[in-house]
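*Asks:* sequence and predicted structure, then a few things I'm wondering about:
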Amino acid sequence: MYTIKTIDDPRTLNKTLYLRPPQNILSQREVVEIWEKLIGKQLQKSSIFKEEFLTNMKTQNYAVLVGSTHCYHVFYDGCHANFEIGDGAEEASQLYPEIKYTTVHEHMKDPNHALS
């Protein structure tokens, strides 16, 4: 829907359009907490501290290191959501507030998806 809206919208001409609806900017831990509430039980979780993760990266071969680097930036730096949208870009849910997007919570609550 957002893509179709941008076709004839001069506000999006030569701009990057980000899809970052505010209710869906969640950490992995927050997604797990939603899931736990919906299934009515607490899952066993373990955490790896940043320093331990970085230390373990030193012993990996190049191929694994590349993947681990991406994981580090996503899970520890939050680079997928932890940035400002600057000039030359727009955020879709702000540009088109009339479009109702599905939140992570709504999606997980949908009975057509298994939550066990």
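*Replies:* Everything's here; your move.
*Asks:* give me the contacts around stretch 7-22.
*Replies:* Outside stretch 7-22, the residues within contact range by Cβ atoms under 8 Å, 6 or more residues apart in numbering are 2, 6, 81, 85, 88-93, 95, 101, 103. (Each C-beta comes from the backbone N, C-alpha and C, glycine too.)
*Asks:* would CSV of these with distance to R29 and pLDDT be doable?
*Replies:* What follows is the contacts of stretch 7-22, written out as CSV (distance: Cβ to Cβ, whole Å; pLDDT from 0 to 100):
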residue, distance to R29, pLDDT
Y2, 27, 92
T6, 33, 93
A81, 13, 74
I85, 24, 86
G88, 32, 90
A89, 27, 93
E90, 29, 91
E91, 23, 92
A92, 25, 94
S93, 23, 93
L95, 29, 94
Y101, 22, 90
T103, 17, 90
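*Asks:* from the contact counts, what lies against the longest helix along the chain?
*Replies:* Assignment by DSSP state H gives helix 62-75 as the longest helix of the chain. Counting contacts by 3 or more Cβ pairs under 8 Å, 6 or more residues apart in numbering; DSSP states H and E, helix 62-75 is packed against helix 50-57.
*Asks:* and the helix it packs on, C-alpha only, in CSV?
*Replies:* This file holds the C-alpha atoms of helix 50-57, laid out as CSV (Å, rounded to 0.1, in the frame of the first residue of the first chain):
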residue,chain,number,x,y,z
LYS,A,50,28.5,-7.6,24.3
GLU,A,51,32.1,-8.2,25.4
GLU,A,52,31.7,-12.0,25.4
PHE,A,53,30.2,-11.9,21.9
LEU,A,54,33.1,-9.8,20.6
THR,A,55,35.6,-12.1,22.3
ASN,A,56,34.0,-15.1,20.6
MET,A,57,34.2,-13.4,17.2
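*Asks:* now it: mean pLDDT?
*Replies:* What helix 50-57 shows for mean pLDDT is 88.
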